[in-house]
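**Q** show me the folded form of this:
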Amino acid sequence: MSVRGPQLPVGTQVVIRVAAPDDQGGTAQRGATGRVAGVSPDGRYTVRLADGRETLARRDELSLRTAYQDEAIELDQPDGDRLVLAHTIYAAVVGSRAFGLDTDASDTDTRGVYVAPTESFWSLAKPPTHVDGPVPEWFSWEVERFCELALKANPNLLEVLHSPLVVRQTALGEELVGLREAFLSQLAYQTYSGYVLSQFKKLEADFRRDGAPKWKHVMHLIRLLLAARGLLLEARLVVDVGPDRERLLALKRGELPWDEVERWRLGLHEELDNALRRTVLPATPDVARVDAWLRSVRRRSIGDT
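**A** Take a look at the predicted model:
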């Protein structure tokens with residue numbers, strides 16, 4: 001008999017989902033609680049109830065106690081695909097095509113922002129903070145989550161707002177794009193540089209173990225440093241790699257020696273340090289301005305369905 005779900009260790013608190021005979025000739029009622037006391041040869045669990053009786057149950061006839069309580073009050077969740085289709089205010093192509101690094105084999109990755117109707121937050125069943133879909137290679141954030149991550153200088157979200165390949169933009173989306181500068185700050189130095197440093201440690205381990213890293217990943221890490229340098233020096237984010245395209249593609253193909261890649265990376269880190277000392281970007285983003293806009297969006301979306 002198949003057992004669904006991970007095996008439950010002895011001592012786990014469970015709830016019986018269906019009534020079952022107990023070892024004293026009675027019945028263990030649906031909803032009775034107990035603890036796993038063992039597993040029988042056929043995969044069923046021995047459950048010792050609070051009063052000492054025992055019963056046998058399959059894995060699919062048991063729930064973890066906390067999960068059972070959650071299920072008891074569960075509501076239908078909002079349809080994420082419908083939210084994206086009906087309430088997207090902005091979407092743009094990102095990835096290689098936006099960076100100017102695409103080839104014939106490149107995917108078309110799209111990232112978007114949707115505004116869930118204000119009333120949907122008044123329910124116990126909150127709208128999702130992000131949705132993967134409804135079509136392949138399309139990922140979206142609810143506007144509040146998007147603003148939160150973008151204010152923290154998450155490179156993936158900043159690039160969405162600065163992509164030259166916009167595929168959908170409503171009036172609210174135009175307002176969001178108009179706020180691009182409010183999201184920019186010196187926090188970008190930490191997020192871009194810090195992420196690259198952490199990833200290169202992993203890549204160096206791959207290089208020592210396998211003799212080669214994942215070159216495509218290396219290329220995008222170098223690209224992030226190039227973008228961060230421009231952002232700190234010019235106080236604007238340029239997504240397209242421009243004149244660095246051919247060298248980056250050569251890196252992607254594994255044509256650059258690792259020592260050269262390391263020199264390139266370390267040189268860019270040094271340039272970032274120098275750029276940080278000279279940047280005109282504020283130390284922190286304009287949170288108040290973004291928050292005021294978000295509040296206005298919530299007010300204006302009352303009555304949306």
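**Q** going forward, measure contacts and count neighbours with C-alpha atoms only.
**A** Fine.
**Q** any idea what the nearest residue to Val93 once chain neighbours are set aside is bridged to?
**A** The shortest distance from Val93 to any non-neighbouring residue, by C-alpha to C-alpha, 6 or more residues apart in numbering, is to Thr110 (4.3 Å). Taking DSSP bridges, one obtains Val93, Trp138 as the residues bridged to Thr110.
**Q** doesn't Pro134 make contact with Thr110?
**A** No: counting by C-alpha atoms under 8 Å, Thr110 does not reach Pro134; the two are 11.3 Å apart.
**Q** who has more neighbours out of the two?
**A** Thr110 (22 against 15; other C-alpha atoms under 10 Å).
**Q** mind checking pLDDT for the more buried one?
**A** Reported pLDDT at Thr110 in the predicted model: 97.
**Q** swap in Val3?
**A** Note for Val3: predicted pLDDT of 39.
**Q** in this structure Gly34 contacts Thr55, no?
**A** No: with contact defined as C-alpha under 8 Å, Gly34 does not count as touching Thr55 (9.6 Å).
**Q** for Ala37, which residues are in contact?
**A** Contact partners of Ala37, counting by C-alpha atoms under 8 Å, 6 or more residues apart in numbering, are 10-11, 45-48.
**Q** angles on the backbone of Asp22, please.
**A** In terms of degrees, to the nearest 10, the main-chain angles of Asp22 are phi -100, psi -180.
**Q** where does the stretch 151-300 of the chain dip in pLDDT?
**A** Within the stretch 151-300 of the chain, not a single segment meets pLDDT under 70.
**Q** apply 80 and report the result again.
**A** Low-confidence segments of the stretch 151-300 of the chain, defined by pLDDT under 80: 207, 211.
**Q** ranges for the helices of the stretch 201-305 of the chain?
**A** For the stretch 201-305 of the chain, the helices defined by DSSP state H, counting those that start in this stretch occupy 215-234, 245-252, 258-278, 287-300.
**Q** deepest-packed of these, please.
**A** With neighbours taken as mean count of other C-alpha atoms under 10 Å, the helices of the stretch 201-305 of the chain reach their highest mean count in helix 215-234, at a mean of 21.
**Q** just the CA coordinates for that one, please, in PDB.
**A** Taking C-alpha atoms only, helix 215-234 is exported to PDB below (Å, rounded to 0.1, in the frame of the first residue of the first chain):
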ATOM      1  CA  TRP A 215      30.200  30.200 -17.800                       C
ATOM      2  CA  LYS A 216      26.800  31.700 -18.400                       C
ATOM      3  CA  HIS A 217      26.400  32.500 -14.700                       C
ATOM      4  CA  VAL A 218      29.900  34.000 -14.600                       C
ATOM      5  CA  MET A 219      28.900  36.300 -17.600                       C
ATOM      6  CA  HIS A 220      25.900  37.600 -15.800                       C
ATOM      7  CA  LEU A 221      27.800  38.200 -12.600                       C
ATOM      8  CA  ILE A 222      30.300  40.300 -14.500                       C
ATOM      9  CA  ARG A 223      27.400  42.100 -16.200                       C
ATOM     10  CA  LEU A 224      25.900  42.900 -12.800                       C
ATOM     11  CA  LEU A 225      29.200  44.600 -11.800                       C
ATOM     12  CA  LEU A 226      29.300  46.600 -15.000                       C
ATOM     13  CA  ALA A 227      25.700  47.700 -14.500                       C
ATOM     14  CA  ALA A 228      26.400  48.700 -10.800                       C
ATOM     15  CA  ARG A 229      29.400  50.700 -11.900                       C
ATOM     16  CA  GLY A 230      27.300  52.700 -14.300                       C
ATOM     17  CA  LEU A 231      24.600  53.100 -11.800                       C
ATOM     18  CA  LEU A 232      26.900  54.500  -9.100                       C
ATOM     19  CA  LEU A 233      28.800  56.800 -11.500                       C
ATOM     20  CA  GLU A 234      25.900  58.100 -13.500                       C
END
